[in-house]
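> fold the following.
(one chain, ligands or ions: 1)
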Amino acid sequence: MRRQAPKPKLQETVKIPPRLFKFLRYAHQLIVREDDVATTQSDDLIQAEEFLGWLLAYGGLIEEGGSRFSFTYFSEPKQTRKSWEFELTKEQIVEIAAGRLTELTLWACSSPDCGCKFQKPDDTCFYCDYEEIPAA
Ligand SMILES: [Zn+2]
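Numbers count the residues shown, from 1 in each chain. Below you'll find the predicted structure:
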């Protein structure tokens with residue numbers, strides 16, 4: 001059994017890596033085209049495979065009719081370990097695709113080995129923010 005034991009996170013401003021930029025440009029194209037995957041509420045309808053069976057990133061529209069999207073990006077190829085989870089508005093995605101917005105401000109796990117980053121300081125990391133409950 002595991003229970004939540006949240007650890008403090010550190011706010012970080014990171015440059016959008018080229019792999020993520022490529023994905024967000026793709027998301028931007030889908031949004032501009034009003035593709036179903038960008039106008040339907042979902043967690044993962046917008047997705048890009050980088051290698052066979054390995055996603056680069058995925059995401060979707062948070063609320064039908066809204067303009068906020070949630071994304072999960074895998075910061076290392078062929079791994080799901082070091083993920084970034086964040087939200088962007090349609091306007092921010094436009095700015096990123098145009099090269100005017102080049103950084104994201106996220107909350108990173110304080111453990112140097114983790115590599116996960118989140119939208120909010122109280123988001124929960126699967127790896128860092130749980131502890132085993134010792135068997136009685
Ligand atoms: Zn973590």
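> report how many residues lie close to V37.
The local packing of V37 (other CB atoms under 10 Å) involves 17 other residues. In short, each C-beta sits where N, CA and C put it, glycine included.
> distance of it relative to A97?
Using CB to CB, to the nearest Å, one obtains 16 Å as the distance from V37 to A97.
> hmm, who's touching the longest helix along the chain?
Among the elements of type helix in the chain, defined by DSSP state H, the one spanning the most residues is helix 18-32. Residues external to helix 18-32 that are found in contact with it (CB atoms under 8 Å, 6 or more residues apart in numbering): 16, 37-38, 46, 48, 50, 56-57, 59, 69, 71, 73, 75, 77, 84, 88, 90, 93-94, 96-97.
> could you pull up phi and psi at A38?
Dihedral angles of A38 (phi, psi; degrees, to the nearest 10) stand at phi -100, psi -10.
> just give me the neighbour total for it.
The number of residues packed around A38, counting by other CB under 10 Å, is 22.
> quick one on the thing from earlier: now intersect the contacts of helix 18-32 with the helices, please.
Under the assignment DSSP H, the contacts of helix 18-32 contribute V37, A38, K90, I93, V94, I96, A97 to helices.
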